[in-house]
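Engineer: Take this sequence and fold it.
(3 chains)
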Amino acid sequence: MSLTKHINILDYTLLSLLRRKFRNAGIILVFSLVICITGSVLLLTYAFKREAVLVLGNVPELIVQKMTAGRHELIPVSLGEEISRIPGVSGVEPRYWGYYFDSFTKANYTVVTPGGRLSEGNKLLQGRLPSAEEKGVAAIGGGIARTRFLGIDDDLALFSPDGKLRNFRVVGIFQAPSELLTFDLIVIGKGDLQELFSLPPGIATDLVVGVRNETEAPVIARKIRERIPDSRPILRREIIRTYDAVFSWRSGLILTLFAGALAAFAILAWDKATGLSADERREIGILKALGWETSDILEMKFWEGVAISLTSFFLGILAAYAHIFFFDAALFAPALKGWSVIYPRFHLVPFIDPYQIATLLSLTVIPYIASTIIPSWKAAVTDPDEVVRG
Amino acid sequence: MLLHPGIIGLIIGSGLTLLLLFSSALLGMQILRKWDITSSSELQLSLERKTYLVSTLVQYALLFQVISAFLFIYTADDMHNLLVGAMCATGSLNANPYGFPALYAQIVTLFLAAAWISLNRIDNRAEDYPLTRKKYSLLFLILPAVTAGYVLQLTYFGSIDPDVITSCCGVLFSEGGAGLGSSLSSLPVRKTEIVFGLLYLLVIVSGLLAARSGRRPFTLLLSASSALFFFGAIASVITFISLYFYQMPSHHCPFDILQSGYYYVGYPLYATLFAGSFFGVMTGAVEPFRKIPSLAAVIPAVQRRWALTATVAITLFVILSIVPMVFTPFTLEGY
Amino acid sequence: MPADTIISTSGVTKYFNRGRPNEVLAVNGVTFAIRKGDFSVLKGPSGSGKTTLLSLIGCMTRPTAGSVVVAGRDASHLPERFLAEIRRKTFGFIFQQFHLIPGMSVLQNVMIPLYPTDSTLPDLKRRAAALLDSLDMSKRAAFPVQGLSGGEQQRTAIARALINDPDIILADEPTAHLDTALSKDFMEIMKGFRDKGKTIVIASHDPLVFEDPAVGLIVGMRDGSLTELKRRG
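Structural biologist: Prediction:
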């Protein structure tokens, strides 16, 4: 068992492919395009999923909101005491946050107070975070800084509900691995936030419940629901599952629609391979007459398939990677993004793993290779004496 | 649940595997019925050409099956976010009764297809193709395995019913969120370690003896010991080997080691284990063919090579498994 | 049968499209033997079956009936896989139209028969270069074959037939596309190989070939049957 023979056949195959440059370049071009489109769908889906995981990684395990008339309502901080008596709860912390619609940039900002898990892991590009007790200062997301042309020590002006203009001195600008997370974020002190949104004292937006054992979270959520019937506990896992299912489903849908194109490509490949030219038939006859065996020809055809698919695969996946991560999925972001379109600009974190590659292989290379088996075999069993008989 | 990119990939990828193996079995049936090596008829000539098609189909099917098997595990792993209480692929596969059987069927297909290819290789070295009948009969054994794998896999994904919240403002609790078993039950660590070591010793001894002499009792012993080692090794991966990679005393998942977080160590680990066990078992499995005159010279050489391959691969597997035990401070003592 | 027989056929018969309306009986019950070191010519008009007979003894096709024994091995019932092995190890082929593969260099064309073997590429290249050198073709080694003259193509085809160091050289109408001078050159090269102990079998209806005094065995064919079997010299 030596590899030499296989290397030789591979060498011959590459020589032989180079001789038919234009024909093969045509196949590679179309195939790369198919792989690029399929790959873009996959990469985008997984980038979104990961983005969601990054975002939700900062979301607490369990949040309790108050419901009134089926709508989310502000929650009294005092409810926290009752919740903290439930066994397995390690602590309850009120959160203050809200959305601010900015009529200049026509965008929604998320306003939060510092501390807790929200600001964890988000690097500040410049400056610092305000503390909870500080007044009149703010840290803002990169998106706000860009759209409102703000730098450190500039003033950020926001209107409170009574129509009064309030100014915050910018002391920090966010930088995060994922811009989705901090793009529209404004961090101000607790007192400022209560004033900006005119929140009455003793009332928070929601409560963060600390849980000792993560797997206990659903049980605790049920108990909270039992003790405080108008509360709505939200588990992080539930949110992740929703994101996950929705993104997978969307890309699945697109891929299904795209399956027609894939099938068309497989047929094209079949056709290309079946339409064995007289030249090629003659060449195989010569090779066989000179002592090549049917399985050597089959091996040559295998290498041919591998060379074409791998070249197309790399070209296609590179193009897809560039499309998604450098050109921000310009082609079909609108179809997949959904609720993310409110962001004026977004950059995804480059991410690729063996799972995506295996999926992409199954969707593109396997059908291509499979469609070339029969034509290759037909070529390989060409009679060697055909060339002698002329 | 079928509109998931991974599942679409599987429907296409393993669907094609099924198609290839089905066609090869159909061709195999034709060949079985009319094969006559002594004939010079055009029919025999065309059958002989079809044997090339069959072997090509099975070889490609094996290649696709390897990709599909990984894709299946990955997809199950990806699903764990959707399933309450599932922490990794083990949990996902436990989500309904079809998960693990689907995986087993895929592994059986993998082994059978590889065995077919090995038999074919041997057969092709004898001028009278003495194994033709056995070979094409074996195809009919592969067929149920691959069909079962495909059906079980689709049933598995079809029966997954994630509790999806329709919008992030709604909430929905899965009743009895006790969760799925995310770990496989493990055996007592110390005893498993001892059994693992003893089985390895058995493989090494029989493997080296078979590789040196190629004689009958050793090849059969190697077969038996590699088969036992395969199951012992899987049990050991679950019981203690994977825990050293995770550095966690209670995460018994044989699949997470395939992830980037563990430097994809699962790939070389399983590749060496599967290859080693396969060649070990095959060494003894071809023993009866020694009696065939045209193979009498071929088989012993092949057996010795396989025995050596099996010994080397399994040794690599063992080295890979004990690396984290030796080089990390983590210990399972006391668990 | 003499001990130095290298090729023998016995009642060898070949039908094409057997059992169909276009059935052709190309070779009909031919029995003859070639000895090691023979310079033999299969002679006959076109359509006489000499090319089919050549591909039967060259193990390119299996007989419908009868047997072909090459170097002591009965090739009539061997599976394709083993026929290819015999072709690769025993024969060097020179075809009527040379059948060089366009787009490849002279050197690569010469290497073709040994690609599916365990000789490494550098080794193969060395052997091919040495052969080309012996045929005065080394300056053309890197040249694409489609730009060669007829004589150069002929020499490339000869080098290719010799790369596997065959015992038997088979040539089908080798002079059909050559002028007289080149045809004579070709015969000289073949005589050189015969002198080195190779067995030569040429199918030809060119008098320049079969009337050459070096030819030791003439096998005459007409309508698929043997008409003449003459040993000379």
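
Engineer: secondary structure element for the most centrally placed residue in chain C?
Structural biologist: With distances taken as C-alpha atoms, centre = their mean, C:Leu170 lies nearest the centre of chain C, 1.4 Å away. Using DSSP states H and E, C:Leu170 falls within strand C:168-172.

Engineer: Give the buried residues for that strand.
Structural biologist: Within strand C:168-172, the residues that qualify as buried are C:Ile168, C:Ile169, C:Leu170, C:Ala171, C:Asp172, counting by 16 or more other C-beta atoms under 10 Å in any protein chain shown. Just so you know, the C-beta spots here come from the backbone N, C-alpha and C atoms, and that holds for glycine as well.

Engineer: Just name the closest of those to C:Arg231, please.
Structural biologist: C:Ile168 (17.8 Å; C-beta to C-beta).

Engineer: So which residues of chain C form strands?
Structural biologist: When secondary structure is read from DSSP state E, chain C shows strands at C:5-16, C:24-35, C:39-43, C:65-70, C:73-74, C:91-94, C:168-172, C:199-204, C:217-222, C:225-231.

Engineer: quick one: the fifth one near chain B?
Structural biologist: No - under the criterion of C-beta under 8 Å from any C-beta of the partner chain, strand C:73-74 makes no contact with chain B; the nearest approach is 9.5 Å.

Engineer: distance between that strand and the chain's centre?
Structural biologist: Remark: strand C:73-74 is offset 18 Å from the chain centroid, using C-alpha atoms, centre = their mean, to the nearest Å.

Engineer: Report the rounded mean pLDDT for that strand.
Structural biologist: In this model, strand C:73-74 carries a mean pLDDT of 91.

Engineer: Give me the sheet partners of it and which way each runs.
Structural biologist: If you go by DSSP bridges, strand C:73-74 pairs up with strand C:65-70 (antiparallel).

Engineer: what's the angle between the strand holding C:Leu170 and strand C:65-70?
Structural biologist: 130 degrees (axes from the mean of the first three to the mean of the last three C-alpha atoms, to 10 degrees).

Engineer: now for strand C:168-172, which elements pack on it?
Structural biologist: For strand C:168-172, the helices and strands in contact under the criterion 3 or more C-beta pairs under 8 Å, 6 or more residues apart in numbering or on different chains; DSSP states H and E are helix C:50-57, strand C:91-94, helix C:150-162, helix C:180-195, strand C:199-204.

Engineer: what residues does the shortest one touch?
Structural biologist: Counting contacts by C-beta atoms under 8 Å, 6 or more residues apart in numbering or on different chains, the residues outside strand C:91-94 that touch it are A:289-291, C:58-59, C:87, C:113, C:157-158, C:160-164, C:166, C:168-172, C:174.

Engineer: Just the mean pLDDT for that strand, thanks.
Structural biologist: Per-residue pLDDT values across strand C:91-94 average out to 94.

Engineer: where's that strand relative to the chain centroid, distance-wise?
Structural biologist: Worked out by C-alpha atoms, centre = their mean, strand C:91-94 lies 4 Å from the chain centre.

Engineer: just the fourth one next, same as before
Structural biologist: On the basis of C-alpha atoms, centre = their mean, helix C:180-195 sits 14 Å off its chain's mean C-alpha point.

Engineer: Please list the residues outside it that contact it.
Structural biologist: Under the criterion C-beta under 8 Å, 6+ apart, external residues in contact with helix C:180-195 comprise C:37, C:39, C:135, C:150-151, C:154, C:158, C:162, C:169, C:171, C:174-175, C:178, C:200, C:202, C:206, C:208-209, C:212, C:214.

Engineer: Buried only: go through the residues you listed for me.
Structural biologist: Neighbour counting with 16+ other C-beta under 10 Å marks C:37, C:39, C:135, C:151, C:154, C:158, C:162, C:169, C:171, C:174-175, C:178, C:200, C:202, C:206, C:209, C:212 as buried within the contacts of helix C:180-195.

Engineer: Report the buried residues of stretch B:100-120.
Structural biologist: B:100-103, B:105-116, B:118-120.

Engineer: Ignore what I typed, I meant stretch A:190-207.
Structural biologist: Of the residues in stretch A:190-207, those scored as buried under the neighbour-count criterion (16+ other C-beta under 10 Å) are A:190, A:192-197, A:199, A:203-207.
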